[in-house]
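Trainee: Mind folding the following:
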Amino acid sequence: VGRISNCSFTVVENNGIVCVKLDENFYPRYYLATKSLDELEKLMGERDRNIEELSDFIAGFKLTTEKLQKFKENDDKKLIGVFPHSLIPDELIYAANAIPIKLTLGGDEYATTKGTEYLTQATCPFARGTIGYFDQANPLYQLLDACIGGNFCNGDLCASEMIMKFFNIPFIRVTFPTTTAPFSLNFLKKEFILLKEKLESLTGNQITRENLYTSIELYNQIRNAFDNINKQLKKNNSPLMGEDLHYLIHRFFLLGPDETLNYVNQIEIENAKQIEDKIPVLLSGSGIALGDELIHLIEEFNVRLVVNDTWSGIHFYHEKIDINASKAPLDILANHYLLKNESSRMVPNTRRIPRVLNLVKEYDVKGVINHILKFCDPYVADRIRFKEALQEADIPTLELERDYSTSVEQLKTRLGAFFEMISYV
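Mentor: Numbering: from 1, shown residues only. Okay, here's the model as predicted:
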């Protein structure tokens, strides 16, 4: 038993898993999950440094929930939970004077285990973890006024069903097409019309054409800001790391556009005089949730993650929405979210490989990590085609299939061997 910045914690055992259990007013309730006390002690490593990092993480999350609570109370804004890798247009939610809150928490083995009480183990760990956070009454998810989800992937579909059935929160279901044919575009536009009507009913606010155009322009400003920051990673003397950008975009996912744009516009990146000789790598595939330490583990080596080609990275800001004043704003949104979708769920999947090949050239990438969460169906199905395409282009690639129970040492061993190999390229 101990204390971290006035937060009590206890080492507990739950179903054979040893955890650090924090006071229930903080997140995460279970920060470290290991199979033994010896492994826990090893994982903590440099104890003072890790305690300090944990303290900062807790304080930051508590501040986030406090800000969102103020948005609800002072600005009378609804907080709408959204699955982070979907075709839901955040611009439409914002135009209804609501804040889209991405259900982006993950990486916690205990939450994933709790989710298995609702979903089979053959469901992706991110979806199971999402349900685990709802089950644990996570402070952030308790603030939500409603959720939006659908059939983006099997994990989203199953998690949506469980949220509707077991948790007392209004749920808006949206059905997504899987092809980019003209009839699919018309279908998605009709779904967006229905979503607009449901958001207006939920929030009591009318979504006008002018409000929606203003929202699209604001989100384009944020896309442009993130893209400019990402381009800083091209410079060898930039102090920016991939983990910095990772936390920055998750800040946006949780706090919304107003808070994020002001914050991002104040960031000044002063390049160092001395060049850092770090190996530039690209991560593609399944996204990295807030709480997943993979990017931190990658950059513990002499490596910089210059491109995060996932829903937790450039998929949001890689391409801005083309605004045409002669078109209806819902038509503009349907065109962007369907035709410029960057995931591997679309049939045929024509965007991922050309995009990655171009990014490898643009950022002078020395190696690619194809990250696949177990049972993440779109990327499991795409693994062979992706591997063959990068082999043909003579690009070193590490296929990293994992779940949140994969040991840190095992990940470090595989990553270290790959980085040593590409260091000679």
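
Trainee: For the stretch 151-300 of the chain, just list every one of the helices.
Mentor: Secondary structure of the stretch 151-300 of the chain (DSSP state H, counting those that start in this stretch): helices at 154-166, 182-203, 209-231, 242-255, 257-265, 294-299.

Trainee: What's the mean pLDDT across the last one?
Mentor: This points to helix 294-299. On average, the pLDDT along helix 294-299 is 95.

Trainee: which helices and strands does it pack with?
Mentor: In terms of contacts (3 or more Cβ pairs under 8 Å, 6 or more residues apart in numbering; DSSP states H and E), helix 294-299 is packed against helix 242-255, strand 279-285, strand 303-309, helix 408-422. Using the backbone N, CA and C atoms, a C-beta is placed for each residue, glycine as well.

Trainee: I'd like the C-alpha coordinates of the first one written as CSV, please.
Mentor: As requested, the backbone C-alpha atoms of helix 242-255 are provided in CSV (Å, rounded to 0.1, in the frame of the first residue of the first chain):
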residue,chain,number,x,y,z
GLY,A,242,6.2,10.2,-32.0
GLU,A,243,5.0,9.8,-28.4
ASP,A,244,4.5,13.6,-28.1
LEU,A,245,2.2,13.6,-31.1
HIS,A,246,0.5,10.5,-29.8
TYR,A,247,-0.5,12.2,-26.6
LEU,A,248,-1.4,15.4,-28.4
ILE,A,249,-3.9,13.8,-30.7
HIS,A,250,-5.4,11.9,-27.8
ARG,A,251,-5.9,15.2,-26.0
PHE,A,252,-7.9,16.3,-29.1
PHE,A,253,-9.9,13.0,-29.0
LEU,A,254,-10.9,13.7,-25.4
LEU,A,255,-11.3,17.5,-25.2
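
Trainee: For the protein, just list every one of the strands.
Mentor: 2-4, 7-14, 17-22, 30-34, 78-82, 98-102, 146-150, 171-174, 279-285, 303-309, 367-373, 397-402 (DSSP state E).

Trainee: Could you give the number of residues near the nearest residue to His250 once chain neighbours are set aside?
Mentor: The shortest distance from His250 to any non-neighbouring residue, by Cβ to Cβ, 6 or more residues apart in numbering, is to Leu290 (4.5 Å). Counted by other Cβ atoms under 10 Å, the residues lying close to Leu290 total 24.

Trainee: For Leu290, give me the pLDDT.
Mentor: Here, the pLDDT recorded for Leu290 equals 91.

Trainee: doesn't Leu105 make contact with it?
Mentor: Yes: here Leu290 reaches Leu105: they are 5.5 Å apart, a contact under Cβ atoms under 8 Å.

Trainee: wait, doesn't Arg345 sit right on Thr179?
Mentor: No: with contact defined as Cβ under 8 Å, Arg345 does not count as touching Thr179 (10.4 Å).

Trainee: residues touching the residue most central in space within the chain, list them.
Mentor: For the chain, Ser312 is the residue whose C-alpha lies nearest the centre (Cα atoms, centre = their mean; 3.4 Å). Ser312 is in contact with Pro84, Thr104, His246, Ile249, His250, Gly287, Ile288, Ala289, counting by Cβ atoms under 8 Å, 6 or more residues apart in numbering.

Trainee: what do you get if the cut-off is 6 Å, keeping everything else the same?
Mentor: Gly287, Ile288 (Cβ atoms under 6 Å, 6 or more residues apart in numbering).

Trainee: Distance check, it against Ser201.
Mentor: The gap separating Ser312 from Ser201 is 31 Å, by Cβ to Cβ, to the nearest Å.

Trainee: Check Met346 too.
Mentor: For Met346, the distance to Ser201 - Cβ to Cβ - is 30 Å.

Trainee: Excluding chain neighbours, what is closest to Met162?
Mentor: Closest to Met162 by Cβ to Cβ, 6+ apart is Tyr118, at 4.7 Å.

Trainee: My guess is the one you found contacts Ile131. True?
Mentor: Yes: between Tyr118 and Ile131 there is a contact at 4.9 Å, judged by Cβ atoms under 6 Å.
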